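A.B. asks: Model the following, please.
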Amino acid sequence: MAGWTVPAFVASLAGLFLAVPAHADDPGANCLATATGSLVTSSNPVTYGQNTTVSWGVNCVGATAEDVVEIVGPGFNPSTDELYLGGSRSVFITDTSSASWTEIRIDTSSDTGASRVLATLTVPVTGVTRVPDVVGQKTMAAQSTLRAAGYVPVIGGTTPDCPGGEVYETIPGGGTALPLGSTVDLIVTVGPAKNCP
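C.D. replies: From the prediction side, this is the model:
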C-alpha cells in the first residue's frame, strides 16, 4: 500500500462496490434488472371466436433455466403456467372489444421473489357476432333467422304459454356475443290443449 493513504484506499474500495451492481452475483436478479420483453400476436386485430398465436420473448444478461415469465391475459393461467423466456401459444379469443396480455419477468433464482412488467399488448377484436333476438317469432322463422346468422338452433325446451309455436326464450339471449357455429337453445311455447285464443 505504498503511496496510498487510508482515506484514498477506502475511497477506492467504495468506488469498486459502487461500480458493481448489487445483483451481479445473482444471475436471476441480474436477468430481472436487465430484461427487455416482447409480446406479439399472429394477427392484429384478432378475430372473435377464432384462435390467434401469442408469442413472447425476453432478453436479459445471465439468463438461466430458472428464469421464467408470467403472461396475464386470455389463454394463460398465471397460477399454473410455467413459461420460459421465449415461446408461443395458440389462444381462443372470447373478448369482444379488445384483448390484452402482460408479460412479467419473475426472479425464481433468489429468495427475493421480485418481478417486473416487461411488456404489454392490447389488440382490437373484430368479427364479434351476436345472437339475433328471435323471441316472439314463430319457431320455424326463428330457426331460419339463427341459421342465416351462422348459429345452430336447437329446441331446448317448451313452455305451456300461449300462443303455441313461438319462441318464448333463447339461451343465450338475443344480443349476447357468441362465436359462429355455436348452438342456440330455443324455448318454445306449446300452448295448453285448451284455452288458447
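
A.B. asks: so where do the helices sit in this structure?
C.D. replies: Per DSSP state H, the chain carries helices over the ranges 6-19, 27-34, 139-148.

A.B. asks: buried set for the last one?
C.D. replies: Taking 16 or more other CB atoms under 10 Å as the neighbour-count basis, helix 139-148 is seen to contain the buried residues Thr139, Ala142, Gln143, Thr145, Leu146. From N, CA and C alone the C-beta is placed, and that goes for glycine too.

A.B. asks: What pLDDT is listed against the closest residue to Val61 other than its chain neighbours?
C.D. replies: Among residues not flanking Val61 along the chain, Thr34 sits closest, at 4.3 Å (CB to CB, 6 or more residues apart in numbering). Listed pLDDT for Thr34 reads 85.

A.B. asks: ditto for Asp25
C.D. replies: 53.

A.B. asks: The nearest residue to Thr94 once chain neighbours are set aside: neighbouring residues, count only.
C.D. replies: Among residues not flanking Thr94 along the chain, Pro74 sits closest, at 6.7 Å (CB to CB, 6+ apart). Other residues lying near Pro74 total 17 when counted by other CB atoms under 10 Å.

A.B. asks: looking at it, Pro74 is touching Ser98, isn't it?
C.D. replies: No - between Pro74 and Ser98 there is no contact, the gap being 10.5 Å when judged by CB atoms under 8 Å.

A.B. asks: re earlier: quick one: the residue nearest to Thr94 and Val40, what's the gap?
C.D. replies: 15 Å (CB to CB, to the nearest Å).

A.B. asks: hmm, back to that, give the contact list for the residue nearest to Thr94.
C.D. replies: For Pro74, the contact set (CB atoms under 8 Å, 6 or more residues apart in numbering) comprises Val91, Phe92, Ile93, Thr94, Asp95, Ala99, Trp101.

A.B. asks: Looking at those residues, which are in strands?
C.D. replies: Judged by DSSP state E, the subset of these located in strands is Val91, Phe92, Ala99, Trp101.

A.B. asks: per-residue pLDDT, the most centrally placed residue in the chain?
C.D. replies: Centroid-nearest residue in the chain: Pro74, 1.3 Å away (criterion: CA atoms, centre = their mean). Here, the pLDDT recorded for Pro74 equals 95.

A.B. asks: Repeat that for the one 4 residues further on.
C.D. replies: At Pro78, the predicted lDDT confidence score is 87.

A.B. asks: got it, and the one 3 residues further on?
C.D. replies: As predicted, Asp81 sits at a pLDDT of 88.

A.B. asks: Would you quantify the distance from it to Pro163?
C.D. replies: On the measure of CB to CB, Asp81 and Pro163 end up 53 Å apart.

A.B. asks: and the two? which has more neighbours close in?
C.D. replies: A direct count of neighbours by other CB under 10 Å for Asp81 and Pro163 places Asp81 higher, at 14 against 11.
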